[in-house]
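**Student:** here is my input; please provide its structure:
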Amino acid sequence: MTFTAADGDAVLAANFAPWVRDLGLVVTDVGPGAATLRLPWSVRLAREGGALSGQALMAAADTATVIAIASARGGFVPMTTVQLSTTFQRPVVGVDVLVAARVTKLGRTLAFAEIAMTPAGGDAPAATATTVYAVLG
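**Tutor:** Residues are numbered from 1 along each chain as shown. Below is the predicted model:
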């Protein structure tokens with residue numbers, strides 16, 4: 001069975017806390033071990049100075065990792081974050097962010113991923129992240 005963007009949206013709706021769903025994330029693309037989500041710009045997610053908050057970007061990266069792992073496995077199973085490391089390179093102001101996660105290693109109990117967070121229409125990431133997940137199911 002092929003894991004689709006619609007499957008990713010269903011995983012978001014069924015398995016994430018309400019505050020994560022309130023970010024408005026939409027799965028725009030999935031592939032084998034990869035997923036891209038759109039984080040819509042919202043002034044509610046901006047910090048002083050008008051830039052998108054790092055917390056929103058980190059939550060989006062963490063969420064995109066789950067969808068990428070589900071894609072790699074062919075469906076969702078329980079999993080949890082072990083490690084998330086984020087590097088912020090430039091501010092995002094007034095534009096959506098494309099959050100592209102790619103599984104770099106999928107083991108029996110651990111999964112590793114790299115995430116690029118790029119402003120829509122941009123060519124360079126505003127932030128990057130790496131994650132390690134414990135696969136519980």
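**Student:** can you point out the buried residues in stretch 46-60?
**Tutor:** Going by neighbour count (16 or more other CB atoms under 10 Å), the buried part of stretch 46-60 is A46, A51, L52, A56, L57, M58, A59, A60. C-beta: built from backbone N, CA, C; applies to glycine.
**Student:** regarding that stretch, how distant is the last residue from the first?
**Tutor:** End-to-end distance of stretch 46-60 (CA to CA, to the nearest Å): 14 Å.
**Student:** now tell me what touches that stretch from outside.
**Tutor:** 20, 23, 25, 37, 39, 41, 43, 45, 84, 86, 88, 91-94, 97, 99, 117, 126-127, 129 (CB atoms under 8 Å, 6 or more residues apart in numbering).
**Student:** same thing but at 10 Å, please
**Tutor:** The contact list for stretch 46-60 (CB atoms under 10 Å, 6 or more residues apart in numbering) reads 16-17, 19-20, 23-25, 37-39, 41-45, 84-86, 88, 90-99, 101, 115, 117, 119, 126-127, 129, 131.
**Student:** tell me the buried residues within the residues you listed.
**Tutor:** 16, 23, 25, 37-39, 41, 45, 84, 86, 88, 92, 96-99, 101, 115, 117, 119, 126-127, 129, 131.
**Student:** wait, what's in contact with the nearest residue to A127 once chain neighbours are set aside?
**Tutor:** Using CB to CB, 6 or more residues apart in numbering and skipping residues adjacent in sequence, the residue nearest A127 is M117, 4.4 Å away. By CB under 10 Å, 6+ apart, the residues touching M117 are 37, 39, 52, 56-58, 60-61, 64, 86-89, 92, 97-101, 125-129.
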